[in-house]
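Trainee: predicted structure and sequence below. I'll ask about it afterward.
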Amino acid sequence: LYIRPTAEVRNFGKLSITAYNADANDAAADTGVSIFMEKVVDLGDVSIDYLRRGGIVARDPEAARAALAKATFGPHCAAKGAALFSRLDLVDFKGGMGTVEFVDGLKTDCRVLFPHAGRLMVRSKGNRTAQSLDLKSIHAVTIDGRRTEFNARRPLTAQEQESRKPDALWGDVPGEGQLGNYASQQWDEARLLIWRRPGETGSRFVGPNWLDARGIPCFESPMDVDPNIDILLPAARDAYSVTGYGPGGMSRPVPSRHVTIEYNAEYGSSFDVRGNLWMKHGSGIRGRQLGCFNNEEPNVHRFMRFYGKRLNKGGSRDAPPFVDSEDYTTSQWGSYQTGKDSTLEVIGKIRGAADHSRAHGAGTLIMSENSFLTEGERSAFSIVPGATVVLLQDARIGHETTMQQDICKASVWVAGTLMIGLPERPITRDMLFPVAGVTKDHISRDPAEGGRTAGVSLLLGKQGRMVIHSADPAKARVIFKMHDSEKAKTRGKRYGNPQGIALYFAGKAELNGVVFDNVYEDGIMVSPETRATWKNVSYGEHNLAEPDKLYRSLGK
């Protein structure tokens, strides 16, 4: 219940305020009914139950308590007396375009919003992302000539230096090894929702859990009906989750535009991020079924940025609080869609989907240098017809394992276009293209196309195209081999012990600068005509036959 300053309330009878369809076991400090009194009113003869701790929120809690002197509180309220009331602190800060100066002298121009929970809320130029900055690290803020000082100048602490290094200052500023098309993208100033209580878990569908860009609590949350909103979950001392499903449940992802998730914050349930995703160190995102990054609009350039470790809030009691990003599952299924002449650039490492990941749409999914986007062991990373994926130097797709299930699922299926390097950004040194192995008795000579294809390690489908752009094909080569990391061996050994890989090239394979290793006899399935076009082909030390015996014509 939100009582605005213009509200007039009259209760001529008996009023009961309680949680709809509540369970007696649900009462807890961080859940339940909330009553926001931006204007304190007398509700008269009212009974209130399932009230959360501090759930009656007013600018003057004592005045609210006096106004509710006639109220009775039910047995399922999470507190009693004064603990039921908390202060509604409205922001008294005039923001605008300005300059933030840090204690070490570094400056950045941005849209300054307001201070909240010990941090300063800011938005980047071009409306490409939002974030919160630790107020203790800020020396001064200047807006329209008005200068406000917060802290004296000083050197950064070791912890501040370390956090600035991996998280960068802005997620929309390209770093080394990135194409950075997203940096020139201009976005409208959409509605921004900022989590009101960093460190406290709550539902994303409760409007007053959010602040708008002015620092005012939201009366209603449009998160299920308006995809053109930006979301900021600020850093906090205690871990928290923003959860909840829309009317479609787990199977219907809730759309948003840009999402920034900071330290100790987790964005939960099914999601569809249609703009930019910035995951800072110590953040988490959990799509219980669907995790979508879909935008079919033309000429739109986006990024997904993953820094540091991931918050493991959904793990077991004995699990570590933070895990390596490349081992972290964001959703059951992953969908990465781009429109015509559009790009989505992945920066950093993330496992992504537990089951199936697919790139689709008429645009391009770009894997920046040394970035990983993988999926579970039940399917191949799928590049569907019409889609394009670009791997820059040392980037990788496909699950890191020696074997995918006991029927030997493929690591990658290419029915669209897979480019390794670009004409303007070729690879400059050898890079690995590791794939899962296949046991000899499971090798397929006619693999079915699709995300669940089995019997080969890599399938270039009939409509597919693979091309290598190398600065020097004799020295900067793509090395096809079986995964051999300890992590891959641990994951794969429960299914079997494959000795090699099998590669199937039915489409257009433009290979110039390639090394084949760990390949079975008859393990490279390709037409003689296609093979004849390959240049600068080399062979590793771990193949299971002499070079000429590694090849087998398609359909034989």
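Mentor: Received, thanks.

Trainee: now do the same contact list for the spatially closest residue to residue 304 that is not a sequence neighbour.
Mentor: Leaving out its chain neighbours, the residue that sits closest to residue 304 by Cβ to Cβ, 6 or more residues apart in numbering is residue 277, at 4.6 Å. For every residue, glycine as well, the C-beta is placed using N, CA and C. Residue 277 sits next to 258, 259, 261, 285, 293, 303, 304, 305 when contact means Cβ atoms under 8 Å, 6 or more residues apart in numbering.

Trainee: look up how far residue 325 lies from the closest residue to the third one other than its chain neighbours.
Mentor: Counting by Cβ to Cβ, 6+ apart, residue 283 is the residue found nearest to residue 261 once chain neighbours are left out, at 3.9 Å. Counting by Cβ to Cβ, to the nearest Å, the gap between residue 283 and residue 325 amounts to 10 Å.

Trainee: with neighbour numbers in mind, choose between the two.
Mentor: residue 283 (25 against 20; other Cβ atoms under 10 Å).

Trainee: any idea what that one is bridged to?
Mentor: residue 310 (DSSP bridges).

Trainee: so it sits against residue 312, correct?
Mentor: No - counting by Cβ atoms under 8 Å, residue 283 sits too far from residue 312 to count as a contact (11.0 Å).

Trainee: which is the next helix or strand following the top helix by length along the chain?
Mentor: Scanning the chain for the longest helix, with DSSP state H as the assignment, gives helix 158-167. Downstream of helix 158-167, the next assigned helix or strand under DSSP states H and E is strand 191-195.

Trainee: partners of that following strand, with directions?
Mentor: Partners of strand 191-195 in its sheet, by DSSP bridges: strand 210-211 (antiparallel), strand 229-233 (parallel).

Trainee: now it: buried residues?
Mentor: Neighbour counts over strand 191-195 (16 or more other Cβ atoms under 10 Å) mark 192, 193, 194, 195 as buried.

Trainee: show me the contacts for the second one.
Mentor: Looking back up the chat, that one is residue 193. Contacts of residue 193 (Cβ under 8 Å, 6+ apart): 210, 211, 212, 218, 221, 223, 229, 230, 231, 232.

Trainee: one more time with 6 Å, if that's ok
Mentor: 210, 229, 231 (Cβ atoms under 6 Å, 6 or more residues apart in numbering).

Trainee: just to revisit the earlier point, ranking the strands paired with strand 191-195 by mean pLDDT, which is last?
Mentor: Ranked by mean pLDDT, the strands paired with strand 191-195 bottom out at strand 210-211, which scores a mean of 92.

Trainee: report the distance from stretch 462-473 to the chain centre.
Mentor: Computed by Cα atoms, centre = their mean, to the nearest Å, the chain-centroid distance of stretch 462-473 equals 29 Å.

Trainee: span of it from start to end?
Mentor: 25 Å (Cα to Cα, to the nearest Å).

Trainee: stretch 505-521 too?
Mentor: Start-to-end, stretch 505-521 (Cα to Cα) is 15 Å.

Trainee: likewise for stretch 393-408?
Mentor: 28 Å.

Trainee: list the buried residues in it.
Mentor: 393-405, 408.

Trainee: run the chain-centre distance for it.
Mentor: 21 Å.

Trainee: got it, and stretch 79-96?
Mentor: Worked out by Cα atoms, centre = their mean, stretch 79-96 lies 31 Å from the chain centre.

Trainee: what mean pLDDT does that stretch get?
Mentor: 87.

Trainee: and what of stretch 479-488?
Mentor: On average, stretch 479-488 scores 95.

Trainee: surely residue 46 touches residue 13?
Mentor: No - assessed by Cβ atoms under 6 Å, residue 46 is found out of contact with residue 13, at 9.9 Å.

Trainee: show me which of these two is the more surrounded one.
Mentor: residue 46 (18 against 7).

Trainee: which ones are touching that one?
Mentor: Residue 46 neighbours (Cβ under 6 Å, 6+ apart): 15, 71.

Trainee: please redo it, this time with the cut-off set to 8 Å
Mentor: Going by Cβ under 8 Å, 6+ apart, the list of residues near residue 46 reads 11, 14, 15, 16, 17, 68, 70, 71, 72.

Trainee: kindly report the same for residue 85.
Mentor: Contacts of residue 85 (Cβ under 8 Å, 6+ apart): 54, 56, 57, 58, 61, 62, 64, 65.

Trainee: related to what we said a few turns ago, ok, and what's touching the longest helix of the chain?
Mentor: 134, 137, 156, 280, 281, 307, 308.

Trainee: and those residues as TSV, adding pLDDT?
Mentor: Putting the contacts of helix 158-167 into TSV (pLDDT from 0 to 100) gives the following:
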residue	pLDDT
134	95
137	95
156	93
280	95
281	93
307	91
308	89
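
Trainee: most neighbours, which of those?
Mentor: residue 280 (24 neighbours).

Trainee: one step back: which of the contacts of residue 277 sit farthest apart?
Mentor: Greatest spacing in these, by Cβ to Cβ: 285 and 303 (14.8 Å).

Trainee: inside helices: which ones of the contacts of residue 85?
Mentor: 61, 62, 64, 65.

Trainee: let me know the closest of the contacts of residue 277 to residue 341.
Mentor: residue 303 (16.4 Å).

Trainee: what's across from that closest one in the sheet?
Mentor: residue 345.

Trainee: report the rounded mean pLDDT for stretch 285-297.
Mentor: Rounded mean pLDDT across stretch 285-297 is 86.

Trainee: that older thread, among the contacts of residue 46, which lie within strands?
Mentor: Members of these lying in strands (criterion: DSSP state E): 15, 16, 17, 72.

Trainee: what strand or helix carries the closest residue to the second one other than its chain neighbours?
Mentor: Of all residues beyond its chain neighbours, the one nearest residue 16 is residue 47 (4.9 Å), with distances taken as Cβ to Cβ, 6+ apart. Counting by DSSP H and E, the secondary-structure element that holds residue 47 is strand 46-48.

Trainee: just residue 490 next, same as before
Mentor: Using DSSP H and E, residue 490 falls in helix 486-492.

Trainee: report the buried residues of that helix.
Mentor: 488, 491, 492.

Trainee: how about residue 463, what does it touch?
Mentor: Here residue 463 is in contact with 385, 415, 416, 507 (criterion: Cβ under 8 Å, 6+ apart).

Trainee: thinking again about what came up before, which of the contacts of residue 277 fall in strands?
Mentor: Per DSSP E, the contacts of residue 277 map to strands at 259, 261, 285, 293, 303, 304, 305.

Trainee: if I look at the first one, how far off is residue 92?
Mentor: Which is residue 259. In terms of Cβ to Cβ, residue 259 sits 28 Å off from residue 92.

Trainee: got the phi and psi for residue 514?
Mentor: phi -140, psi 150 (degrees, to the nearest 10).

Trainee: number of residues surrounding it?
Mentor: Neighbour count for residue 514, taken as other Cβ under 10 Å: 22.

Trainee: residue 115 now?
Mentor: The tally of other residues near residue 115 (other Cβ under 10 Å) stands at 21.

Trainee: so it, which of the three states?
Mentor: Counting by DSSP: H, G, I helix; E, B strand; the rest coil, the backbone at residue 115 sits in strand.

Trainee: hang on, it packs against residue 133?
Mentor: No - under the contact definition of Cβ under 8 Å, residue 115 does not touch residue 133, with a separation of 9.5 Å.

Trainee: can you give me the domain assignment for the chain?
Mentor: 2-87, 377-556 (automatic domain parsing).

Trainee: span of the longest one from start to end?
Mentor: Length of domain 377-556, first residue to last, Cα to Cα: 28 Å.
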